[in-house]
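Student: Have a look at this fold, sequence not included:
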């Protein structure tokens with residue numbers, strides 16, 4: 001099992017300490033495989049695709065985030081997609097745009113879900129080269145549901161199908177509030193007491209002095225064995241973002257801040273400069289030893305992640321599964337590993353796509369942490385995970401144990417389904 005990164009790690013020490021995954025995936029026994037083959041009775045076929053809306057069980061309220069916007073948490077709400085088959089198996093994934101349902105259903109009906117690469121190519125080409133014209137953005141929920149279906153057909157959790165050698169992962173608590181440094185330190189200490197090993201704060205104060213004071217307060221409160229990361233959110237910087245209370249950073253401020261964060265043993269600094277500022281990102285990375293991180297949905301497509309890594313912009317790449325899909329994340333992870341870089345996916349939806357991230361992360365030797373939105377009490381991660389029949393929860397020693405049921409390994413509570 002890969003241990004979480006220790007405080008004091010930088011990209012220069014990462015490669016020396018990265019442990020090799022120690023166990024091989026366990027194969028199903030012959031009797032289990034025979035039963036699965038008998039149940040399938042040949043190639044499985046898709047018979048229907050449905051969009052299932054979930055009722056809101058509880059609204060947990062809102063709070064003001066780092067740019068003055070309102071955030072919060074709910075249990076339930078939104079939708080999931082369901083893919084049905086002639087063998088009675090149903091794959092589930094995050095919801096898609098309602099307008100996308102009919103063209104996707106028309107294409108997938110009668111198809112074999114195991115032809116997932118072919119389906120992904122058709123779904124994501126936007127009408128080019130024979131692909132489908134699908135309104136409402138990239139249908140990543142369909143791709144996730146296909147993989148869930150494949151795992152259920154094979155009677156294995158996805159991380160085993162994908163070659164994972166870990167069955168648990170260290171999550172970090174991703175925060176969204178700004179507040180007095182003392183309050184952020186109290187919050188971090190409370191999280192540490194719950195078992196969290198790592199936190200990510202927002203570096204969004206008006207002055208560098210305030211950004212540094214927050215990290216100093218958290219480090220004093222939580223000690224040297226607690227992992228601290230921070231996010232400057234400059235990749236998507238825009239006029240509207242600035243009007244919402246955004247604070248632009250010059251290259252000097254980014255460099256000076258990074259140097260201060262090095263002193264405070266910050267594990268990584270995320271998005272310190274704008275999205276396409278490749279040259280200055282690379283120069284900042286060259287001048288510092290702190291891990292620089294970025295990517296997310298602001299840099300879509302394999303080619304942009306490759307550019308960022310080839311230019312030397314980042315030590316940690318952070319693709320978003322809700323805009324990229326599992327297939328792209330798998331390829332980005334391989335590229336990053338080949339270049340001796342890390343990968344830590346962006347948040348996901350806090351439900352099914354985040355669970356898919358968990359399965360992916362345990363298959364990558366260069367993925368030591370998983371991001372989890374957890375700004376309590378309103379936005380605590382437990383509120384989103386409460387839609388599952390068996391919610392995933394932080395263990396006392398600071399891990400998420402992967403669900404062991406086939407596919408994604410989770411099921412949505414049927415009492416949350418809206419009547420149709």
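Tutor: It's in. No experiment lies behind these values; they were computed from the predicted model shown.
Student: shaky segments in the stretch 301-420 of the chain?
Tutor: For the stretch 301-420 of the chain, the stretches flagged by pLDDT under 70 are 420.
Student: again, 50 this time
Tutor: In the prediction, the stretch 301-420 of the chain carries no residues with pLDDT under 50.
Student: Any idea which helix or strand in the protein has the lowest mean pLDDT?
Tutor: For the chain, the helix or strand with the lowest mean confidence is helix 11-17, at a mean of 43 (criterion: mean pLDDT, DSSP states H and E).
Student: Pull out the buried positions in stretch 399-413.
Tutor: Applying a neighbour-count criterion of 16 or more other C-beta atoms under 10 Å, one finds 399-400, 402-403, 405-410, 412-413 buried in stretch 399-413. All C-beta atoms are positioned from the backbone trio N, CA, C, and that covers glycine.
Student: What is the nearest of the residues you listed to residue 231?
Tutor: Of all the buried residues of stretch 399-413, residue 231 sits closest to residue 400, with 20.7 Å by C-beta to C-beta.
Student: Now do the domain split for this protein, please.
Tutor: Following automatic domain parsing, the chain resolves into domains at 11-21+161-416, 44-158.
Student: how far does the first one sit from the chain's center?
Tutor: To tie it back to what came earlier, the one meant is domain 11-21+161-416. On the basis of C-alpha atoms, centre = their mean, to the nearest Å, the separation between the geometric centre of domain 11-21+161-416 and that of its chain is 8 Å.
Student: And for the shortest one?
Tutor: Computed by C-alpha atoms, centre = their mean, the chain-centroid distance of domain 44-158 equals 16 Å.
Student: Could I get the pLDDT score of the closest residue in space to residue 99 that isn't next to it in sequence?
Tutor: With C-beta to C-beta, 6 or more residues apart in numbering as the criterion, residue 99 has its nearest non-adjacent residue at 4.2 Å, and that residue is residue 135. Predicted confidence (pLDDT) for residue 135: 86.
Student: Equivalent analysis for the one 4 residues further on, please.
Tutor: In the predicted model, residue 139 carries a pLDDT score of 91.
Student: do the same with the one 3 residues further on
Tutor: With respect to pLDDT, residue 142 has a value of 98.
Student: Repeat that for the one 10 residues further on.
Tutor: Residue-level confidence at residue 152 comes out at 98, pLDDT.
Student: Please report phi then psi for it.
Tutor: Listed backbone geometry of residue 152 is phi -70, psi -40, with angles given as degrees, to the nearest 10.
Student: OK, contacts around it?
Tutor: Going by C-beta atoms under 8 Å, 6 or more residues apart in numbering, residue 152 touches 89-91, 406-407.
Student: Mind doing that once more with 10 Å?
Tutor: The neighbours of residue 152, taking C-beta atoms under 10 Å, 6 or more residues apart in numbering as the test, are 36, 44, 85, 87-92, 113, 158, 405-409.
Student: and the gap between it and residue 410?
Tutor: 12 Å (C-beta to C-beta, to the nearest Å).
Student: go on, residue 286?
Tutor: Remark: distance between residue 286 and residue 410 (C-beta to C-beta) = 43 Å.
Student: Kindly report the same for residue 183.
Tutor: Relative to residue 410, residue 183 is positioned 34 Å away (C-beta to C-beta).
Student: How about residue 70?
Tutor: Distance, residue 70 to residue 410, using C-beta to C-beta: 28 Å.
Student: Equivalent analysis for residue 161, please.
Tutor: In this view, residue 161 and residue 410 are 16 Å apart by C-beta to C-beta.
Student: How many neighbouring residues does the residue nearest to residue 407 when sequence neighbours are not counted have?
Tutor: In space, and not counting its chain neighbours, residue 407 is closest to residue 151: 3.3 Å by C-beta to C-beta, 6+ apart. Residues lying near residue 151 (other C-beta atoms under 10 Å) number 24.
Student: Return the residues in contact with residue 151.
Tutor: By C-beta under 10 Å, 6+ apart, residue 151 lies in contact with 89, 91, 157-162, 359, 405-409.
Student: Look up which helix or strand it falls in, please.
Tutor: Counting by DSSP states H and E, the element that carries residue 151 is helix 140-154.
Student: quick one: the strands in the stretch 101-250 of the chain?
Tutor: Along the stretch 101-250 of the chain, the segments classed as strands by DSSP state E, counting those that start in this stretch run 168-169, 171-174, 198-202, 227-231.
Student: got the contact list for the shortest one?
Tutor: Spelled out, that is strand 168-169. Under the contact criterion C-beta under 10 Å, 6+ apart, strand 168-169 has outside partners 1-2, 4, 159, 357-362, 367-370, 372, 395, 397-402.
Student: how close does residue 250 get to residue 274?
Tutor: For residue 250, the distance to residue 274 (C-beta to C-beta) stands at 11 Å.
Student: Give me the common contacts of these two.
Tutor: Shared contacts of residue 250 and residue 274, defined by C-beta under 10 Å, 6+ apart, are found at residue 280.
Student: In terms of neighbours, single out the busier of those two.
Tutor: residue 274 (17 against 10).
Student: Report the contact partners of that one.
Tutor: Neighbouring residues of residue 274 by C-beta under 10 Å, 6+ apart: 234-238, 248-249, 280-281, 298.
Student: Show me which of those residues is closest to residue 292.
Tutor: Among the contacts of residue 274, residue 281 lies closest to residue 292 (C-beta to C-beta), at 7.0 Å.
Student: Is the closest one in contact with residue 312, as I believe?
Tutor: Yes - Residue 281 lies in contact with residue 312 (C-beta atoms under 10 Å); the separation is 8.1 Å.
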